[in-house]
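J.: Next come a sequence and a model predicted from it.
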Amino acid sequence: MNNYSYIGGVFLKDNNIDTCECFNKETVNMIKDNSLSDEIIYDMADFFKVFSDSTRVKILYALLKSEMCVGDLVKALDMNQSAISHQLRILRQNNIVKFRKEGKAVIYSLDDSHVFEILSQGLSHLLHKINYEE
């Protein structure tokens, strides 16, 4: 238990009001003047939601290493084809993976270098945190 209360948008510590004054009006105005539109913010939130499914992350990590067909993903991830195909459809719809046909085979890969960088940076961040905490 702590000595903090939250009442009406104000933090109270030992019944004292903890207020925050604006320290740098230039910074606040710069942020306000350069804010993203609500549409972009919602699109960005939706984009990152795609990464919240562990099956999709497994697929993306595999595709980070090499482009692959569905059959290879099924074997590599030890999952059934319908689960892989379902998640690939979601990843395609969100422009995170792309595909090309080679004869009867459909080969999947990361959509572009941005996706590669997002995955690489995310993994690097997690590994850094793990190593830092040990």
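T.: Structure's in. What do you need?
J.: where does the residue nearest in space to the middle of the chain land in three-state SS?
T.: Nearest to the mean C-alpha position of the chain, counting by CA atoms, centre = their mean, stands residue 48 at 3.5 Å. Here residue 48 is recorded as helix under DSSP: H, G, I helix; E, B strand; the rest coil.
J.: Could I get the average pLDDT for stretch 44-60?
T.: Rounded to a whole number, the mean pLDDT of stretch 44-60 is 96.
J.: Contacts for it, please.
T.: Contact with stretch 44-60 is made by 36, 73, 77, 79, 83-84, 87-88, 90-91, 94, 96-97, 110, 115, 118-119, 122, as judged by CB atoms under 8 Å, 6 or more residues apart in numbering. (Glycine included, C-beta is placed from N, CA and C.)
J.: phi, psi of residue 33?
T.: The phi/psi pair for residue 33 (degrees, to the nearest 10) reads phi -70, psi -20.
J.: per-residue confidence at it?
T.: Value for residue 33, per-residue pLDDT: 90.
J.: same deal with the one 3 residues further on?
T.: Here the pLDDT value assigned to residue 36 is 93.
J.: Tell me who's in contact with residue 96.
T.: Taking CB under 8 Å, 6+ apart, one finds 50, 60, 110, 111, 115 in contact with residue 96.
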